[in-house]
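Q: Mind looking at a prediction? Sequence and model below.
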Amino acid sequence: MAMRRGPTKLDTRENPFTQVTHYRLRAVSMSRKLFSGFLLLYRLLAATLLVIVGTTFLVYTVNVTELILNAVALGIILDIDDLLFDALATTPGRHLVHQLDPLHMPSMPRVRGADAKSVFMSVFIPGLTILVYYFMLEPFVGTLTQVKSAMCGGNQNFVWSTDKRRITHLSPTFGGGWEEEEDSIKKLGQEMAMAEPFNL
């Protein structure tokens, strides 16, 4: 967008040492600028959707192994445009892109030596991380905690068994489990084992 407007013009120069032709873009036509602006909006929309969907995908992954695999898959999705370009672009097109000199970029406003982009990203990324934690990760962890409490909490001092009619029988246990107390499960088991005669 910062290039001079006019008929698209490329200057060529050959490196005398490597014999490789380099290109420099001097001017860009208005139609190419409009098409570049459309591509820019398309890429911004794709990047925004990828941030939202990818963050949601990673936040709601519980298993650590699946989290690593999903993060690797997300990295492949981020690089898929370069892979498609290398696979589908013509040889002259790839040569032009690789040998094109860097385009002139207008200088951005600076705040005490730091440009506006670095200042914005230094505030945007931590702020987005905090928002994801408080509005997505923390409620999800709270939901998992409530599910664990509902399924595995409450009174656990009981035993159960199923008879031949597939009827479940429940019986409360007392003594707190395996503590060394009178009438505890462990104590009763030890007394029953000691009462049984050994057959050698």
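A: It's in.

Q: Now do the longest strand along the chain: which elements does it pack against?
A: Among the elements of type strand in the chain, defined by DSSP state E, the one spanning the most residues is strand 21-28. Contacts of strand 21-28 with other secondary structure elements, assessed using 3 or more Cβ pairs under 8 Å, 6 or more residues apart in numbering; DSSP states H and E, are made with strand 4-5, strand 9-14, helix 91-99. For every residue, glycine as well, the C-beta is placed using N, CA and C.

Q: now for these, which one comes closest to Val119?
A: Among these, strand 4-5 comes nearest to Val119, with 29.0 Å by Cβ to Cβ.

Q: strand partners of that closest one, parallel vs antiparallel please.
A: strand 21-28 (parallel) (DSSP bridges).

Q: What are the buried residues along the helix or strand harbouring Lys117?
A: In this structure, Lys117 is located in helix 116-132 according to DSSP states H and E. By neighbour count, with 16 or more other Cβ atoms under 10 Å as the criterion, the buried positions of helix 116-132 are Val132.

Q: which residues touch it?
A: Identification of contacts with helix 116-132 by Cβ atoms under 8 Å, 6 or more residues apart in numbering yields Thr55, Val59, Met108, Pro109, Arg110, Val111.

Q: Also stretch 51-63?
A: Leu67, Asn70, Ala71, Leu74, Ile77, Val132, Met136, Leu137, Phe140, Leu144.

Q: Could you export these as a markdown table, including secondary structure and distance to Phe120?
A: Rendered in a markdown table, the data for the contacts of stretch 51-63 read as follows (DSSP: H, G, I helix; E, B strand; the rest coil; distance: Cβ to Cβ, whole Å):
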| residue | secondary structure | distance to Phe120 |
| --- | --- | --- |
| Leu67 | helix | 29 |
| Asn70 | helix | 28 |
| Ala71 | helix | 25 |
| Leu74 | helix | 23 |
| Ile77 | helix | 24 |
| Val132 | helix | 18 |
| Met136 | helix | 22 |
| Leu137 | helix | 24 |
| Phe140 | helix | 28 |
| Leu144 | helix | 34 |
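
Q: farthest pair in those?
A: Taking every pair in the contacts of stretch 51-63 and measuring Cβ to Cβ, the maximum separation is 26.6 Å, between Ile77 and Leu144.

Q: before we move on, the earlier item: nearest to Arg26, of the helices and strands packed on strand 21-28?
A: Using Cβ to Cβ and comparing these, the one that lies nearest Arg26 is strand 9-14, at 4.3 Å.

Q: between the closest one and strand 21-28, how big is the angle?
A: When axes from the mean of the first three to the mean of the last three Cα atoms, to 10 degrees is applied, the directions of strand 9-14 and strand 21-28 differ by 160 degrees.

Q: Can you tell me the strand partners of strand 9-14 and which way each runs?
A: When pairs are called by DSSP bridges, strand 9-14 turns out to pair with strand 21-28 (antiparallel).

Q: and the partner strand, which residues are buried?
A: Along strand 21-28, the positions that meet the burial threshold by neighbour count (16+ other Cβ under 10 Å) are Tyr23, Leu25, Val28.
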